[in-house]
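Student: Only the shape, not the letters, is given here:
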C-alpha cells in the first residue's frame, strides 16, 4: 500500500464503525488528539476513545478532503486535511467539521497512523 492509499482505506475502516476494521491502521504507540483537546496515547486508549465514539454517534458519515501532502518518504508520510462528519446522537442529527494533520509510518508493507490531531 502506498501512503496515498492509506487515507481511503482508513476512511473506509472508520465508516464501518467497528474497531476491528480500524485497529489494523493504528500503530501501537500512536497518539491521537481529538477536537475537544483530549489526547489518547497508545492503541488501548485510542481503542476506548474510538469505540466510545462509535457507540455515541449512530450512522456516522465521516469524510476527509483537501488533502495536502507535506512529506511522502519511504517510511514516514505527513499530510493535512479538512474533515467533516454527521450522524445521530441521542436521536438528533449532529455534525461537525474541522482541520486535521496526520503522520503515518510504514511497518513492513503496511502504513499505520502514528499521530493525528483534529481541530475545529
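Tutor: Nice, I can see it. Fair warning: this is a prediction, and the values are worked out from it, not measured in the lab.
Student: Please enumerate the strands of the chain.
Tutor: 26-33, 39-41, 58-72, 76-89, 92-107, 110-119 (DSSP state E).
Student: any chance of these in JSON lines, with mean pLDDT, distance to residue 18 and mean neighbour count too?
Tutor: C-beta coordinates here come from the backbone N, C-alpha and C atoms, glycine included. What follows is the strands of the chain, written out as JSON lines (pLDDT from 0 to 100; distance: least, CB to CB, whole Å; neighbours: other CB atoms under 10 Å):
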{"stretch": "strand 26-33", "mean pLDDT": "98", "distance to residue 18": "13", "mean neighbour count": "18"}
{"stretch": "strand 39-41", "mean pLDDT": "98", "distance to residue 18": "18", "mean neighbour count": "14"}
{"stretch": "strand 58-72", "mean pLDDT": "94", "distance to residue 18": "12", "mean neighbour count": "12"}
{"stretch": "strand 76-89", "mean pLDDT": "96", "distance to residue 18": "15", "mean neighbour count": "16"}
{"stretch": "strand 92-107", "mean pLDDT": "96", "distance to residue 18": "20", "mean neighbour count": "15"}
{"stretch": "strand 110-119", "mean pLDDT": "97", "distance to residue 18": "16", "mean neighbour count": "18"}
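Student: quick one: contacts for the residue of the chain most remote from its centre?
Tutor: In the chain, residue 91 marks the outermost C-alpha relative to the chain mean, sitting 24.4 Å out by CA atoms, centre = their mean. By CB atoms under 8 Å, 6 or more residues apart in numbering, the contact set of residue 91 is empty.
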